[in-house]
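A.B. asks: just the structure for this:
(one chain, ligands or ions: 1)
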Amino acid sequence: MYVLNLLCPQDRVEIVGESLEALDALSVSVEDADAQTPAEQALFGEPGFTPERQAWQRSTISALFAEQAQAENAAKLLVVQDFFEGCQVAALQEVPDLDWVSLTQSQFAPVEITPEFWIVPSWHEVPGQARVVIELDPGMAFGTGTHPTTRMCLRWLARQAGQDSLQGRTVLDYGCGSGILAIAAAKFGAERIDAVDIDEAAIAATVANAEKNQVALRSGLPDIAAAHYDVVLANILANPLQVLAPLLCQHVAAGGHLVLAGILERQAELLQKAYAPWLQLEVTDSEDGWILMTARKPATA
Ligand SMILES: C[S@@+](CC[C@H](N)C(=O)[O-])C[C@H]1O[C@@H](n2cnc3c(N)ncnc32)[C@H](O)[C@@H]1O
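C.D. replies: Below you'll find the predicted structure:
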């Protein structure tokens, strides 16, 4: 294998990357050329979400080729293009032939939620002590069990199941991503589960993941949601959660639970205030600066 490294300013990354793909590169990756140097500039965005500006000042583009001649040819063709102005070829070198699939897969290990409840990628053995398992591979949608906000929701579901209070319960997963929370609820005995999202890719991922885990649920845009559920889960972010307050509270049945995540410790009061007209939110879990806020609607409401 041969890797061709190019240095490019921000506005040339896309066209150079696309050209390398058209010139038979097996893969093209982009990294910050100024990383770990005084010139490095952070791209700010809320955790789990893409920042507004998604490109660095200068990027190193690395293209992998099967043959040395292909890499040399690509470099030769690129340097004479008008759009290559301001770019430069940094290096062309041989790299050892690695099993890239195994290398990537080895970075995703099973995730322990409780000693009996695990999230396991399809290529891994299920840990011996696991009694409840969600099979989930990293994909386009958020929610592989590695993020603290997802883990706290999963722990809440496991605790409820331990008290036998999920059996036959109805559940709304609002902002379902990969569908991980809805699938967990199903594994713990919930029934009539709806998983909704504004992102079509998340809906598709949820349907595929539910099938793989052989659980029954409905997934679609938020307008498929029914009136009331015994449990409403929403792991989004503080701002949308504030806006969604009346809607989410409305969906909670009398005696039902509301479970919110995606909230930073310093945002607790903000959320309590936003939900106060309907429900009294409490902080019931925390991990790495993130908190879980839950509330229960009175049975007579
Ligand atoms: C942080 S992910 C959570 C995924 C998964 N539920 C979990 O716990 O890992 C948030 C999801 O909420 C969705 N989302 C954001 N705003 C939303 C809204 N207003 N209504 C419904 N879904 C929304 C996003 O598309 C994303 O899939």
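
A.B. asks: near the ligand, anything from stretch 180-198?
C.D. replies: Yes: using Cβ under 6 Å from any ligand atom, stretch 180-198 comes into contact with the ligand via Ile180, Leu181, Asp197, Ile198. (Glycine included, C-beta is placed from N, CA and C.)

A.B. asks: span of that stretch from start to end?
C.D. replies: One end of stretch 180-198 to the other measures 16 Å (Cα to Cα, to the nearest Å).

A.B. asks: before we move on, what about stretch 186-206?
C.D. replies: Stretch 186-206 has an end-to-end distance of 13 Å (Cα to Cα).

A.B. asks: got the buried residues for that stretch?
C.D. replies: 186-188, 190, 193-197, 202-206 (16 or more other Cβ atoms under 10 Å).

A.B. asks: quick one: which of those residues sit in strands?
C.D. replies: Among these, the members found in strands (DSSP state E) are Ile193, Asp194, Ala195, Val196.

A.B. asks: which residues does the residue nearest to the last one when sequence neighbours are not counted contact?
C.D. replies: Closest residue to Val196 in three dimensions, ignoring its sequence neighbours and counting by Cβ to Cβ, 6 or more residues apart in numbering: Pro222, at 4.5 Å. Shown in contact with Pro222 (Cβ atoms under 8 Å, 6 or more residues apart in numbering): Tyr174, Val196, Asp197, Ile198.

A.B. asks: select the longest strand from the chain.
C.D. replies: The chain, longest strand under DSSP E: strand 252-264.

A.B. asks: so what pairs up with Asp194 in the strands?
C.D. replies: Residues in a beta bridge with Asp194, per DSSP bridges, are Leu172, Arg218.

A.B. asks: separation between it and Pro115?
C.D. replies: According to Cβ to Cβ, to the nearest Å, Asp194 stands 30 Å off from Pro115.

A.B. asks: out of the helices and strands in the chain, which is least certain?
C.D. replies: Sorted by mean pLDDT, DSSP states H and E, the helices and strands of the chain end with helix 100-105, the least confident at a mean of 66.

A.B. asks: how far off centre is the following helix or strand past that one?
C.D. replies: Heading C-terminal from helix 100-105, the first helix or strand you meet, by DSSP states H and E, is strand 111-114. With Cα atoms, centre = their mean, to the nearest Å as the basis, strand 111-114 stands 17 Å off its chain's centre.

A.B. asks: quick one: contacts of strand 111-114?
C.D. replies: Outside strand 111-114, the residues that reach it (Cβ under 8 Å, 6+ apart) are Trp118, Ile119, Val120, Pro127, Thr144, Gly145, Thr146, Arg151, Leu154, Arg155, Ala158.

A.B. asks: ditto for stretch 270-288
C.D. replies: Outside stretch 270-288, the residues that reach it (Cβ under 8 Å, 6+ apart) are 148, 151-152, 155-156, 238, 241-242, 245-246, 249-250, 252, 258, 260, 263, 265, 268, 291-297.

A.B. asks: near the ligand, from these?
C.D. replies: Counting by Cβ under 6 Å from any ligand atom, no member of these reaches the ligand.

A.B. asks: report whether stretch 201-221 contacts the ligand.
C.D. replies: Yes: against the ligand, stretch 201-221 shows contacts by Cβ under 6 Å from any ligand atom at Ala202.

A.B. asks: how long is stretch 244-259 end to end?
C.D. replies: Note: stretch 244-259 ends 13 Å apart using Cα to Cα.

A.B. asks: filter the contacts of stretch 270-288 down to the buried ones.
C.D. replies: 148, 151-152, 155-156, 238, 241, 245, 249, 252, 258, 260, 263, 268, 291-295, 297.

A.B. asks: can you flag which of those belong to helices?
C.D. replies: Members of these lying in helices (criterion: DSSP state H): Pro148, Arg151, Met152, Arg155, Trp156, Ala238, Leu241, Ala245, Cys249, Ala268.

A.B. asks: now do Asp11 against the ligand, distance only.
C.D. replies: From Asp11 across to the ligand, the span is 29 Å (Cβ to the nearest ligand atom, to the nearest Å).

A.B. asks: burial of that residue, as a residue count?
C.D. replies: Look at Asp11: counted by other Cβ atoms under 10 Å, it has 10 neighbours.

A.B. asks: before we move on, what about the one 3 residues further on?
C.D. replies: Other residues within reach of Glu14, judged by other Cβ under 10 Å, total 13.

A.B. asks: kindly report the same for Pro298.
C.D. replies: 8.

A.B. asks: quick one, what contacts it?
C.D. replies: Applying Cβ under 8 Å, 6+ apart, we find Pro298 in contact with Ala254, Gly255.

A.B. asks: distance of it from the ligand?
C.D. replies: 26 Å.

A.B. asks: what's the neighbour count on Phe142?
C.D. replies: Phe142 has 22 neighbours, counted by other Cβ under 10 Å.
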